[in-house]
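**Q** Compute the structure for the input listed below.
(chains A and B)
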Amino acid sequence: MNLDPPYDFPPYRSTALRHPTRPLVPMAPGPVETSGPLLGGGRVRPGDHDLTRQGGGEPLGERINVSGRILDAAGRPVRGQLVEMWQANAAGRYHHRVDQHPAPIDPNFAGAGRCLTDDEGRYRFVTVLPGPYPWGNHPNAWRPAHLHFSVFGTAFAERLVTQMYFPGDPLQAHDPIFHGVRDPKARQRMIAALDWATTEDSFALGYHFDLVVSGRLATPTES
Amino acid sequence: MSTDWERYGIAPQRSALPEPTGPTPSQTVGPYYEIGMSWMGAEGEQLVPPDSPGAIRLGGRVLDGNGDPVPDAVLELWHPEVGWGRSLVDATGTYRFSVATVPYYALDVFARGTLQRLATRVYLPPADDGDELLAGLEPDRRATLVAVEADGGLRHDIRLQGEGETVFLVW
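**A** Numbering: from 1, shown residues only, chains lettered A, B, ... in the order given. Predicted structure coming up:
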């Protein structure tokens, strides 16, 4: 089964006018696709990984530590590379003009962070648990809680934008975007694990989420 | 007095975390990518400074299957000898870059309504007909990958669907 979601996926209505109708053209990636930018030093300031310290006070919500590794298809760490993350606040509202969900904006939460991976490919964010929120896809459409991740490998071909979900969220079973990934095992790879090692007593829960950037350069092993 | 947690099997466990079992699937960038992806500002669009010798303006619109502008898309451009850039389209679906002359750039389109990136290339005119990818395409399809000269710069519209649909790539 194909790893990545189809472009044409009727349950997610916005795909209707935005999917190619001609077959994708297969090609061997050239030197431009097999190389890629290293978006490292100078692009991230100390503290950019901590979304709870970007306002005048602390944001509302359950404080969480989110960490993991960026790996390539061979399991090698992606080192010194940019990781971008953005999300809704604890009430399920994005700090964005387009978001009209009548849940409160948190003046202390902008909802975006950045960091660089270390020599073992590790990244880390401190933030608050995002709330679920309704969207206009169908009646009673609610997105499960999620974080948006934008990560880079060492090749342009490995570029990945995805979403991280939380374990045990009943909304996942009803979400067209989550289910755009047709392989149930692959869907599970978008769900973080509760992580006692990064849970801080009396302070914050930890979640662990590894990202593997294959860039379709390697054949998925899933059947 | 401390509790014999092990007896009840509910203790916080520092057990080994699951190792990844395969590639992480893609998900849509959604409508709110600006929150996380706009921090570079206009500099993100400048693979080369616009006032540098040889700099070229490259821009165009992203259009959907009705020919309507897509106002929530982000484009990323890359060439190893020039660099990397990102442009968030405006309300009219228009993107813009400042680039240098190379045969082509790799180009990704991310948007609300696309569950994974749309990978393509943009060739700078005059494109080399002997290029391996271009040579394998019918002329009308080939044309969707080649920018055209306009207003002292280069124009390249991306059509996600339908008439003149841009060639998208898979490898």
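**Q** Just the pLDDT for the spatially closest residue to A:Pro77 that is not a sequence neighbour.
**A** Excluding the flanking residues, the one nearest A:Pro77 by CB to CB, 6 or more residues apart in numbering or on different chains is A:Gly121, at 2.7 Å. C-beta: built from backbone N, CA, C; applies to glycine. A:Gly121 is assigned 98 on the pLDDT scale.
**Q** From chain B, how far off is A:Gly121?
**A** Remark: distance between A:Gly121 and chain B (CB to the nearest CB, to the nearest Å) = 11 Å.
**Q** Contact partners for that residue?
**A** A:Arg69, A:Ile70, A:Leu71, A:Arg76, A:Pro77, A:Val78, A:Arg79 (CB atoms under 8 Å, 6 or more residues apart in numbering or on different chains).
**Q** quick one: low-confidence ranges for chain A?
**A** For chain A, the stretches with pLDDT under 70 are A:1-2, A:216-223.
**Q** how about the helices in it?
**A** A:31-34, A:184-188 (DSSP state H).
**Q** and what of chain B?
**A** Under DSSP H, chain B gives helices at B:5-8, B:33-37, B:132-135, B:139-142.
**Q** With mean pLDDT and distance to chain A added, can I get the ones you listed in CSV?
**A** Listed next are those as CSV, based on pLDDT from 0 to 100; distance: least, CB to the nearest CB, whole Å:
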stretch, mean pLDDT, distance to chain A
helix B:5-8, 79, 13
helix B:33-37, 97, 3
helix B:132-135, 96, 5
helix B:139-142, 96, 8
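**Q** Can you tell me which of these is most buried?
**A** helix B:33-37 (a mean of 22; mean count of other CB atoms under 10 Å in any protein chain shown).
**Q** Distance from the chain centre to that one, please.
**A** 14 Å (CA atoms, centre = their mean, to the nearest Å).
**Q** Tabulate the CA atom coordinates of that helix in CSV.
**A** Output of helix B:33-37 as CSV, limited to C-alpha atoms (Å, rounded to 0.1, in the frame of the first residue of the first chain):
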residue,chain,number,x,y,z
TYR,B,33,1.0,27.4,8.0
GLU,B,34,1.7,31.1,8.1
ILE,B,35,2.0,30.8,11.9
GLY,B,36,4.9,28.5,11.6
MET,B,37,6.4,29.2,8.2
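**Q** elements contacting it?
**A** strand A:82-87, strand A:112-116, strand A:146-151, strand B:83-88 (3 or more CB pairs under 8 Å, 6 or more residues apart in numbering or on different chains; DSSP states H and E).
**Q** Turn these into a markdown table, including mean neighbour count.
**A** Formatted as a markdown table, the helices and strands packed on helix B:33-37 follow (neighbours: other CB atoms under 10 Å in any protein chain shown):
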| stretch | mean neighbour count |
| --- | --- |
| strand A:82-87 | 25 |
| strand A:112-116 | 22 |
| strand A:146-151 | 25 |
| strand B:83-88 | 20 |
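**Q** Serialize the ones you listed to TSV and add fields for distance to A:Pro10.
**A** Shown next, in TSV, are these (distance: least, CB to CB, whole Å):
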stretch	distance to A:Pro10
strand A:82-87	27
strand A:112-116	31
strand A:146-151	21
strand B:83-88	28
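**Q** sorry, back to before: using a markdown table, please lay out the contacts of A:Gly121 together with neighbour count.
**A** As requested, the contacts of A:Gly121 are exported to a markdown table (neighbours: other CB under 10 Å):
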| residue | neighbour count |
| --- | --- |
| A:Arg69 | 19 |
| A:Ile70 | 27 |
| A:Leu71 | 23 |
| A:Arg76 | 12 |
| A:Pro77 | 16 |
| A:Val78 | 25 |
| A:Arg79 | 16 |
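**Q** And the residues you listed, which is closest to A:Arg182?
**A** Nearest to A:Arg182 among these, counting by CB to CB, is A:Leu71 at 23.0 Å.
**Q** list the contacts for the closest one?
**A** Per CB under 8 Å, 6+ apart, neighbours of A:Leu71: A:Pro77, A:Val78, A:Gly121, A:Asp210, A:Leu211, A:Val212, A:Val213, B:Pro20.
**Q** Out of the residues you listed, give me the two with the largest separation.
**A** A:Val78 and B:Pro20 (12.7 Å).
**Q** Find the centremost residue of chain B, please.
**A** B:Asp108 (2.3 Å; CA atoms, centre = their mean).
**Q** That one and A:Arg187: what is the separation?
**A** Look at B:Asp108 and A:Arg187: by CB to CB, to the nearest Å, they are 23 Å apart.
**Q** picking that back up, tell me which of the contacts of A:Gly121 fall in strands.
**A** If you go by DSSP state E, the contacts of A:Gly121 have A:Arg69, A:Ile70, A:Leu71 in strands.
**Q** Let me know the closest of the residues you listed to chain B.
**A** For the ones in strands among the contacts of A:Gly121, the closest approach to chain B (CB to the nearest CB) belongs to A:Leu71, at 6.4 Å.
**Q** mind listing what the residue nearest to the closest one when sequence neighbours are not counted touches?
**A** Nearest residue to A:Leu71, sequence neighbours excluded (CB to CB, 6+ apart): A:Val212, at 5.1 Å. With contact set as CB under 8 Å, 6+ apart, A:Val212 has these partners: A:Leu71, A:Asp72, A:Ala73, A:Arg189, B:Pro20, B:Gly22, B:Pro23, B:Thr24.
**Q** Now for the last one, how many residues are close by?
**A** When counting by other CB atoms under 10 Å in any protein chain shown, one arrives at 26 neighbours for B:Thr24.
**Q** The contacts of A:Leu71 in strands, which ones?
**A** Counting by DSSP E, the contacts of A:Leu71 contribute A:Leu211, A:Val212, A:Val213 to strands.
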